[in-house]
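Visitor: fold the following for me, if possible:
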Amino acid sequence: MRTYLRAKIKGIVTGTDLNYEGSLTLGSDFFEQGGFEEGEQVDVVNLNNGARFTTYVIRSPVLQQIVLNGAAARLGQIEDKVIVMAWEIR
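Guide: Purely as a prediction, here's the structure:
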């Protein structure tokens, strides 16, 4: 079995919410663009500080929204550039 990159988007962090229990909030346009599914595991790379983390995505109706929630809020700040990637095992 091999792991392949299935979905990838680049964007800018629009918010952080330390008090949320966890995850990454993505705007519905990013869901469509990347083909992500609600609750799907993703890896996030912060291009500003080099932080990398794994979490899951939740959908927001707000377009172009990327919000770092919970512990991930400590790994970036508003206006950081990030890459969000989902993987597929075949």
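Visitor: measure stretch 38-56 end to end?
Guide: By Cα to Cα, to the nearest Å, the extent of stretch 38-56 from end to end equals 8 Å.
Visitor: rounded mean pLDDT for that stretch, please.
Guide: For stretch 38-56, the mean pLDDT works out to 97.
Visitor: for it, which positions count as buried?
Guide: Neighbour-count burial for stretch 38-56, counted by 16 or more other Cβ atoms under 10 Å, picks out 40, 42, 44, 46, 51, 53, 55. For the C-beta atoms, the positions are set from N, CA and C on the backbone; glycine is no exception.
Visitor: quick one, what contacts the third one?
Guide: To tie it back to what came earlier, the one meant is residue 44. Listed by Cβ atoms under 8 Å, 6 or more residues apart in numbering, the contact set of residue 44 reads 24, 52, 53, 54, 55, 68, 72, 75, 82, 83, 84, 85.
Visitor: can we see that at 6 Å?
Guide: Neighbouring residues of residue 44 by Cβ atoms under 6 Å, 6 or more residues apart in numbering: 53, 82, 84.
Visitor: does the first one sit in a helix, a strand or a coil?
Guide: Translated: residue 53. Following DSSP: H, G, I helix; E, B strand; the rest coil, residue 53 is assigned to strand.
Visitor: can you check the last one too?
Guide: In three-state terms, and counting by three-state DSSP, residue 84 is strand.
Visitor: wait, residue 31 touches residue 59, no?
Guide: Yes. Using Cβ atoms under 6 Å, residue 31 is in contact with residue 59, at 5.4 Å.
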